[in-house]
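**Student:** I'd like to go over a predicted model; first the sequence, then the structure.
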Amino acid sequence: MIEGNQQDAERRHVSAYDIADALGQPRPTEQQRAVIEAELAPALVIAGAGSGKTETMANRVLWLLANGHATAGQVLGLTFTRKAAGELATRIRERIAQLAEKGLVAGDYDAFDPPLVATYNSFANTIFRDNAILLGRESDGAVLGEASAWQLARRIVVASGDERLAGLGRSVDTLTKDMLTLSRAISENVVDPADVVAMAERFASVADLPLGGKGAYAEVDKLAAKVGALPVLVELAAEFAATKTARGFVEYSDQVALALEIVRGVPAVVADFRDRYRIVLLDEYQDTSVVQTWLLAELFADHAVMAVGDPNQSIYGWRGASAANLEGFGRQFGAADAGGVQQFALSTSWRNGHDILAVANAIVEPLAGESTVRVQRLEASPAASRLRVEVVFEQTLADEADAAARWLRDQLATAPGAWAEGKPAADSPPSASMLFRARKTQGVFIDALRRHGVPFHVLGVGGLLAEPEIADLVCALTVVGDPSAGSELVRLLAGAHWRVGVRDLKGLGRVASWLASRDYAQKPLDDDLRTLLRNSVADGEGGSIIDALDFVATARPGHGALGVFSDLGLTRLRSAGHTFARLRARSGLDLLDFVTFVEQELRLDIEVIANETHSLGGANMDAFFDALSGYLAVDESASLSGFLGWLREAEWRDGLAPRPEEPEPGTVQLMTIHGAKGLEHDIVVVPRMVSGELPGNPGDGYTGWLSYGTLPYEFRGDAAELPVFEWQGAETRKELVAEQKLFSERVRARHELEERRLAYVAVTRARHALLLTGSFWASQTKPRTPSPFLLPLAEAGVIGALPEAPDNESNPAGDHVDTLTWPLDPLGDRRVRVEWAAGAVRAAAPGDEGRWARDLDLLLEERRRRLREGTVVDVPSRVSASRFKDFVTDPAAVAASLRRPMPERPYRATRLGTLFHDWVEQRYGIGGSTDVIDALAREIDDDDPPIELEELDRLKRTFERSAWAGLAAVDVEREIHLPLDGQVIICKIDAVYFDGERYQVVDWKTGKAPKDAADLEQKQLQLALYRLAYARWKGIDPDLIDAVFYFVSDDTIVTPQRIFDEDELVELWRAVAG
């Protein structure tokens, strides 16, 4: 046994086995022991999925501490997500405490100096904030979350008067996304924007190349247009960056680039970090971006750095991560005179069953030759389950979803013990997930899960927007905010609310075309004018069926253009037109109020309550309004169009980000494969294992950097690993197109490798049971074939045989189209029963002379009198001075609120006012305020509104210029309870000053100054109460006290011409309270 009090670190040797034995933990494997006891030099660990890397890293920290190589506070651990950082920190902290109890920590153990475990971005942000002054930046600048960055970027795009933007034919939201993508790429790759513009200008010359063969080679013009958009997008990105700097904002992508700038320019910062952290652990290293690796190499090259990663799990290339980071680790971190770095492997999976690992290894086998880093095949642990991986390949998507739902139902009914022992066991329910490459077909699987009674939970914004009630709400909002949202309007018109048939929908399109060819007086346009109009608008801005619906709703009866509709269809279309007219009339409301109004106008609030087959409808609606409130927290005056654009962007990003939720036993969690990274479940289904879906095709084809808003590969830090487009050598359009096709094939090959890694991540999420599904037919006219990832598995016998071809030559769903009745009946085959039940209820209802008629008459009369005469409401025993004016100016509204208290929306201005008041209190040295400010500041974290902090800073600066900045207050935040005619008025006075003769009560206001004399007279009631209360408390004459408002936001002092005295206040109160 090792003595815990041995102090000589040089003679001390505690092995990994000693530590495991002392803590009662299983002994590490030989691979794990090698990692734990590695020398204090740069080391690379290739850790396969489920190989216990978190446990191994924690045990390495214990070994370092036990052998005196470092203290706990000298250990730095970095990982990708907050969730992973929390798990690693907890594991290390608990194990160190256990080690200390056993007396195995060398030297003095300080529990208050633990290892620092953080995310890569938060670590970079710490470097930036601690040294921001060296760059001339503010250290307390706010971090822009996704919502606030989107809003700021969108404002810049909207405000731009650059005519080149209109020529791109792209929407405001698409341009915002293009600009943000390019801006972040420039920052993350530390690129000079001028170089990008210069390259784009050189590329423009390809449009002037001679043909070189038959045909016009129009592809060249398209390429020139896409790359030609870079200059204007770079200018917008530069304005975005300048605005962030001016306002003190930073994005996550800025944090690392700014930190890199600091460490490259200030050697003392590097020396400090190398001295502070003797040991560095880098987790999920394959997920780091190029600029992150540059930063870490600047800080810790030739240091005791251990990077842990798996090139087969590098799936975040879309945001700059690269599996090549692992290959370059030795070059970046190894000593120049050393023969490379130490390399280790963790290749035993403690998570996956035998057959699951066979599938995973087969999927990534083609990747072996793509990397200089050797990746060993994953081996199963002795306790691994031996369940066979199941494969279902059906004829149609509906059959596939049904089979997946039935399989999940059966698996959830099997207790976990059955997987290991082959017999049922009474343990807790298993965890389960369904992992999608894309959410396009998710709704079909959700319907199947509902039919079979399988509990499920859709994770993320993307899943929320797919829910029918949310989809209807978003469609309605889109129709109001976007006159080109024809698809969204068709969904609503054809849905259960209006049930407009196909013939009438087609007629609406004909009316749209008719209107597009006429002027405001509905007279035909001549051909030249029609051509000019067509050329003056962007794509998709021609004839609008939304405009057509407005016309249908307002056209005179018998108008010739209405002849294309059936009578019933015309009635329903008019109803829809009037509804959307009402919605547009209210579109000037506060956005939260407007969305609520749309929900109620479409009766979606009633629908989610009444739908007994969809119990999560109410929860979905609550979640949507939570997302809206989060967006509004950034800017209460946010526009509808901005919110809808952010929703689309949030849906895309949400599907690609790791999910923070823990597994829910007994419930199937639905998410994307990207979102499942870092998670594991007992049961996993990977649907749509078909060509074109997994592996999927990029939305813009295999264009690589030849797309809008994409940074050319030559500027990326990992350019050496990316396909090359050798456009400079082309002397004709023909040669350029040929080279572009070769480039596209290189991009395709690289994309397939990325998709393999994605499939590998998907299957390795499963501990015990794995189902892979697919089908020939979905909505397409040509059949899908089984995924190329499945075919080798079937040939090798790892999975069952796959069908070679579909049973039908055409989509079987198309055979039944002629039997479909449209529009669909929302009651379906329940209509007869529902109508019978409704009739029975009406028949059973008593008439006017029924047994309850007299009682109902009395109740109705009582209600009429109460509404006519009002209801007496007891006045609260304590009333705040700020509400006094409400009692005396609008007693009916106060009475209503007292009868039925309603929760108030937490306005941003309220929190801003609280922050400012507490800052003033702290400024004057009143104890206890710092805790309040810190608590409120913690609420404004990286994902919360930076606008608040900017506004708070502005208020502080304004106050420091005010007349009170240099004065000493005699009282600050003084609370006085003022008795007034038997009532207690709570007065909380902001500040009181004394000039030797007179007192002055000041009330700070962060809102707007009174708009007129009547408004000021109401507001002065608060000052009157403050003056009277302070005079009573001080024992002086109220006439010796002045009272003013200081509206800090406007830097305006407002002094009422007269302030009510005590008698006038009592008279006002008695008029209300009686």
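**Tutor:** Yes, it's here. Numbering: from 1, shown residues only.
**Student:** quick one: contacts for residue 342?
**Tutor:** Counting by CB atoms under 8 Å, 6 or more residues apart in numbering, residue 342 makes contact with 38, 39, 41, 42, 43, 44. Yep, even glycine has a C-beta here, placed from its N, CA and C like the rest.
**Student:** tell me which element residue 87 falls in.
**Tutor:** helix 82-101 (DSSP states H and E).
**Student:** sheet-wise, list the partners of whatever helix or strand comes next after that helix with their directions.
**Tutor:** Downstream of helix 82-101, the first helix or strand assigned by DSSP H and E is strand 116-119. Taking DSSP bridges as the criterion, strand 116-119 sits next to strand 75-79 (parallel) in its sheet.
**Student:** contact partners of the strand it pairs with?
**Tutor:** Here strand 75-79 has contacts from 57, 61, 64, 85, 88-89, 92, 115-120, 123, 277-284, 296, using CB under 8 Å, 6+ apart.
**Student:** again, but for stretch 549-558
**Tutor:** Residues contacting stretch 549-558 (CB under 8 Å, 6+ apart): 489, 508, 511, 515, 561-562, 565, 570, 573-574, 576-578, 580-581.
**Student:** cool, and stretch 361-369?
**Tutor:** The contact list for stretch 361-369, computed with CB under 8 Å, 6+ apart, reads 311-312, 375, 377-378, 753, 756-757, 759-760, 763, 789, 792-793, 796, 798.
**Student:** if you set the cut-off to 7 Å instead, what comes out?
**Tutor:** Applying CB atoms under 7 Å, 6 or more residues apart in numbering, the contact partners of stretch 361-369 are 312, 375, 377-378, 753, 756, 759-760, 763, 789, 792-793, 796, 798.
**Student:** tabulate those in TSV, adding columns for secondary structure, neighbour count and pLDDT.
**Tutor:** Output for these, formatted as TSV (DSSP: H, G, I helix; E, B strand; the rest coil; neighbours: other CB atoms under 10 Å; pLDDT from 0 to 100):
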residue	secondary structure	neighbour count	pLDDT
312	helix	25	91
375	coil	18	87
377	coil	14	90
378	coil	25	90
753	helix	18	90
756	helix	21	93
759	helix	25	95
760	helix	25	95
763	helix	27	95
789	coil	26	92
792	helix	14	86
793	helix	22	87
796	coil	11	80
798	coil	18	82
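**Student:** closest one of those to residue 68?
**Tutor:** Distances from residue 68 to the contacts of stretch 361-369, taken as CB to CB, are shortest for residue 375 (34.2 Å).
**Student:** still on that earlier bit, just the CA atoms of the helix holding residue 87, as PDB, please.
**Tutor:** Output of helix 82-101 as PDB, limited to C-alpha atoms (Å, rounded to 0.1, in the frame of the first residue of the first chain):
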ATOM      1  CA  ARG A  82     -20.800  22.700 -21.800                       C
ATOM      2  CA  LYS A  83     -22.500  19.400 -21.100                       C
ATOM      3  CA  ALA A  84     -19.200  17.500 -21.800                       C
ATOM      4  CA  ALA A  85     -17.200  20.000 -19.700                       C
ATOM      5  CA  GLY A  86     -19.600  19.600 -16.800                       C
ATOM      6  CA  GLU A  87     -19.400  15.800 -17.000                       C
ATOM      7  CA  LEU A  88     -15.600  15.800 -17.100                       C
ATOM      8  CA  ALA A  89     -15.300  18.400 -14.300                       C
ATOM      9  CA  THR A  90     -17.600  16.500 -12.100                       C
ATOM     10  CA  ARG A  91     -15.800  13.200 -12.700                       C
ATOM     11  CA  ILE A  92     -12.400  14.700 -12.000                       C
ATOM     12  CA  ARG A  93     -13.600  16.600  -8.900                       C
ATOM     13  CA  GLU A  94     -15.200  13.600  -7.300                       C
ATOM     14  CA  ARG A  95     -12.200  11.300  -8.000                       C
ATOM     15  CA  ILE A  96      -9.700  13.800  -6.600                       C
ATOM     16  CA  ALA A  97     -11.800  14.100  -3.400                       C
ATOM     17  CA  GLN A  98     -11.800  10.200  -3.100                       C
ATOM     18  CA  LEU A  99      -8.000  10.200  -3.800                       C
ATOM     19  CA  ALA A 100      -7.400  12.800  -1.100                       C
ATOM     20  CA  GLU A 101      -9.500  10.800   1.400                       C
END
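**Student:** distance check, residue 741 against residue 209.
**Tutor:** Distance, residue 741 to residue 209, by CB to CB, to the nearest Å: 16 Å.
**Student:** more neighbours, the two?
**Tutor:** Neighbour totals were compared for residue 741 and residue 209, and residue 209 leads with 19 against 11 (other CB atoms under 10 Å).
**Student:** quick check on that one: phi, psi?
**Tutor:** phi -70, psi 150 (degrees, to the nearest 10).
**Student:** of the contacts of stretch 361-369, closest to residue 166?
**Tutor:** Using CB to CB, those come closest to residue 166 at residue 753, 39.0 Å.
**Student:** about what we covered before: any of the contacts of stretch 549-558 buried? List them.
**Tutor:** Listed as buried from these are 489, 508, 511, 515, 561-562, 565, 570, 573-574, 576-577, 580; burial here means 16 or more other CB atoms under 10 Å.
**Student:** adding pLDDT and distance to residue 1019 as columns, could you present those residues in CSV?
**Tutor:** Listed next are the buried ones among the contacts of stretch 549-558 as CSV, based on pLDDT from 0 to 100; distance: CB to CB, whole Å:
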residue, pLDDT, distance to residue 1019
489, 91, 47
508, 90, 53
511, 87, 54
515, 82, 52
561, 82, 56
562, 86, 56
565, 89, 57
570, 91, 55
573, 92, 51
574, 92, 48
576, 93, 46
577, 92, 45
580, 91, 41
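**Student:** now secondary structure and distance to residue 547 too, for those residues, in TSV please.
**Tutor:** Formatted as TSV, the buried ones among the contacts of stretch 549-558 follow (DSSP: H, G, I helix; E, B strand; the rest coil; distance: CB to CB, whole Å):
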residue	secondary structure	distance to residue 547
489	helix	11
508	helix	10
511	helix	9
515	helix	6
561	helix	12
562	helix	15
565	coil	16
570	helix	17
573	helix	13
574	helix	15
576	helix	13
577	helix	11
580	helix	11
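**Student:** any stretches of the stretch 301-450 of the chain with poor pLDDT?
**Tutor:** 318-320, 323, 335-339, 415-427 (pLDDT under 70).
**Student:** where's residue 893 relative to residue 883, distance?
**Tutor:** Taking CB to CB, one finds residue 893 at 11 Å from residue 883.
**Student:** could you do residue 342 as well?
**Tutor:** 70 Å.
**Student:** which of the contacts of stretch 361-369 sits closest to residue 29?
**Tutor:** Set against residue 29, the nearest of the contacts of stretch 361-369 by CB to CB is residue 378 (13.4 Å).
**Student:** is it correct that the closest one is in contact with residue 356?
**Tutor:** No: between residue 378 and residue 356 there is no contact under CB atoms under 7 Å: 9.4 Å.
**Student:** okay, now the spatially closest residue to residue 91 that is not a sequence neighbour: neighbour count?
**Tutor:** Using CB to CB, 6 or more residues apart in numbering and skipping the chain neighbours, the partner closest in space to residue 91 is residue 58 (4.4 Å). Applying other CB under 10 Å, we find 24 residues neighbouring residue 58.
**Student:** helix or strand with the lowest mean pLDDT in the protein?
**Tutor:** helix 929-939 (a mean of 39; mean pLDDT, DSSP states H and E).
**Student:** skip ahead from that helix and say which helix or strand is next.
**Tutor:** Helix 929-939 is succeeded, C-terminally, by helix 946-960 (DSSP H and E).
**Student:** off-centre distance for that following helix?
**Tutor:** Computed by CA atoms, centre = their mean, to the nearest Å, the chain-centroid distance of helix 946-960 equals 27 Å.
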